[in-house]
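>>> starting from these lines, generate the structure:
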Amino acid sequence: MNLRLPPILIALIVLTVSGSQLGAHEFWLEPDEFSPKLDARTGVRIRIGEHFDGALYPYLTGTFFKFTAGQGESEQAVEGLDGDDDPAIGVAFRKETLAIVAHHSQSNHVTLEPWTKFTEYLAEIGQEDIAKRHRALGKPTEKVEERYYRAAKLLLDVGGAGNGGDRFTGMPLELVADRNPYALEPGERLPVRLLRDGTPIAGALVTAFAKSAPKMVQRVRTDRDGRVLIELNASGPWLINAVHMTEPPAFARVDWVSIWASLVFSAK
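Predicted coordinates for the structure are as follows:
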């Protein structure tokens, strides 16, 4: 059963949580267990922050386009109680194979000022060329208006057997693991693709780090096939991120639109 809060209360909660995390560029899903038992309920939390340190974000009806869980080619919408955050939802799976939880949020808005704050942000996400395009298009530099969406994915090793594989779930920006991370040995490299509307993006920055060493960040550019190799040099949870910024449609009242993608799993 999904208990829905009044829209005005949902909006207030969103503003409160988002406002407290304006400087945070990471949005991820974090489970109770990365290798849950068959048919066992596992809680999943939504977090906003940096370096695996983040505030809880509640389940809120109407704040996402997609919130699903599935195995193989099948997926189902997950339901929760509005306002729940610890955990936001619970999931259970009936097959001993990789499970995927995906969350595609509706848009949020941020104003970046002064100009140096915008250019620092561009350097962080690896899209420094946007600054030149911004000036060439005659956009204002006193402050920059950005609309952003989030696309988070979590991989769970149901039953602990390392079976199955990741797949593209249809989010507008998505990180897809080309090998099952739970089947890799310590120190092996994980091939990951970055897709925009299902098409590989070349030259995009992808960052990755382990929860046990959050300041040791791997920064890798995608090749022509949209692929990077992440060295899994630490055990435990990993967070992979990518951001893609584009010019908005003519009718939009913002300067730029971006999507922030994340992929979470645990390594041996």
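>>> CA atoms for contacts and neighbours, from now on please.
Fine.
>>> helix or strand with the lowest mean pLDDT in the chain?
Among the helical and strand segments of the chain, the one scoring lowest on mean pLDDT, DSSP states H and E is helix 7-19, with a mean of 48.
>>> any stretches of the protein with poor pLDDT?
In the prediction, the chain carries residues with pLDDT under 70 at positions 1-24.
>>> nearest spatial neighbour of residue 107, chain-adjacent residues omitted?
Computed as CA to CA, 6 or more residues apart in numbering, the closest residue to residue 107 that is not its neighbour in sequence is residue 149, at 4.8 Å.
>>> so what's the residue count around that neighbour?
The local packing of residue 149 (other CA atoms under 10 Å) involves 19 other residues.
>>> that one bridge partners, please.
The residues paired with residue 149 through beta bridges, assigned by DSSP bridges, are residue 259.
>>> residue 208 now?
Following DSSP bridges, residue 208 is listed with bridge partners residue 218, residue 240.
>>> that one against residue 240, yeah?
Yes. Taking CA atoms under 8 Å as the contact criterion, residue 208 and residue 240 are neighbours in contact, 4.3 Å apart.
>>> which one in the protein is furthest away from the centre?
Among the C-alpha atoms of the chain, the one farthest from their average position, using CA atoms, centre = their mean, is that of residue 138, at 31.2 Å.
>>> quick one: it from residue 32, how far?
To residue 32, residue 138 is 48 Å away according to CA to CA, to the nearest Å.
>>> over to residue 91?
Distance, residue 91 to residue 32, by CA to CA: 10 Å.
>>> okay, these two: which has more neighbours?
The residue with more neighbours, out of residue 91 and residue 32, is residue 91; 19 against 14, by other CA under 10 Å.
>>> surely the more buried one meets residue 42?
Yes. In this structure residue 91 lies within contact range of residue 42 using CA under 8 Å: 5.3 Å.
>>> picking up where we left off before, who's in contact with the residue nearest to residue 107?
With contacts defined as CA atoms under 8 Å, 6 or more residues apart in numbering, residue 149 is in contact with 104, 105, 106, 107, 108, 258, 259, 260.
>>> with neighbour count and distance to residue 174 added, can I get the residues you listed in CSV?
Formatted as CSV, these follow (neighbours: other CA atoms under 10 Å; distance: CA to CA, whole Å):
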residue, neighbour count, distance to residue 174
104, 24, 10
105, 20, 13
106, 15, 15
107, 16, 16
108, 15, 18
258, 18, 13
259, 22, 9
260, 24, 9
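>>> residue 220: which of those is nearest?
Out of these, the one with the shortest distance to residue 220 is residue 260. That distance is 16.0 Å, counting by CA to CA.
>>> which helix or which strand is home to residue 130?
Assessed by DSSP states H and E, residue 130 sits inside helix 129-136.
>>> what's in contact with that helix?
Identification of contacts with helix 129-136 by CA under 8 Å, 6+ apart yields 119, 122, 141.
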